[in-house]
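**Q** Sharing a sequence plus its predicted fold:
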Amino acid sequence: MKENIWSKTILGVYRHLEAVADAIDKIILKTALNSYHFSLNTNDVYQTSNKLIELGERKVTLINLKLLVEDVLFKMEQKDADILICRYVENMKFKDIAFEKKIGMRTVFRRLEKAENMFNKKLLSLGYTSLKLKNMLKDEAWILNHYENIASSKNEELSVKSIAL
């Protein structure tokens, strides 16, 4: 299901959103500071203004995505949110999650899958369909690349399972 891939995508990029937003701030500041030497060429002013607006819009999108993830996690059951935070935010390995939560590896996989599905349902209940997320993030190539990587690995999994049958 494409929406579940989006859930994994936005959870996977969540921990990087603040750093990317900070990097955009630095680019905005550098661009603004370098623009003091403009000639009277209105084309330069226009291009720089558009670049600053575009960067500002990208930052707003990333902040909105960060808030969306936090809102969905807040609306979930605590144990489901916790396992998603361990895996995606803290980037813990499955064995480390099992050790920390004092559960078996199979239980980690089951709980993680359940939590991802719940995250997906909450996203959809807020109106964030695959199409809406794709439109929202259309200018974020790094996020779209992450989405494509997850989608292609899912397709490979399905191919291997169908061959095994």
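**A** Structure's in. What do you need?

**Q** Next, find the distance separating Arg15 from Met92.
**A** Separation of Arg15 from Met92 (Cβ to Cβ, to the nearest Å): 11 Å. Placement of C-beta: from N, CA and C, glycine included.

**Q** Run a quick neighbour tally on Ile27.
**A** By the criterion of other Cβ atoms under 10 Å, Ile27 has 14 neighbours.

**Q** So it sits against Leu55, correct?
**A** Yes: contact status for Ile27 versus Leu55: in contact at 5.9 Å, counting by Cβ atoms under 8 Å.

**Q** dump the residue contacts of the residue nearest to the spatial centre of the chain.
**A** The chain has Ile10 as the residue nearest its centroid, 2.4 Å off, counting by Cα atoms, centre = their mean. Shown in contact with Ile10 (Cβ atoms under 8 Å, 6 or more residues apart in numbering): Leu65, Leu68, Val69, Leu133, Ile143.

**Q** hang on, the earlier thing: neighbour-wise, which of Arg15 and Met92 wins?
**A** Neighbours per residue, other Cβ under 10 Å: of Arg15 and Met92, the larger number sits with Met92, 18 against 15.
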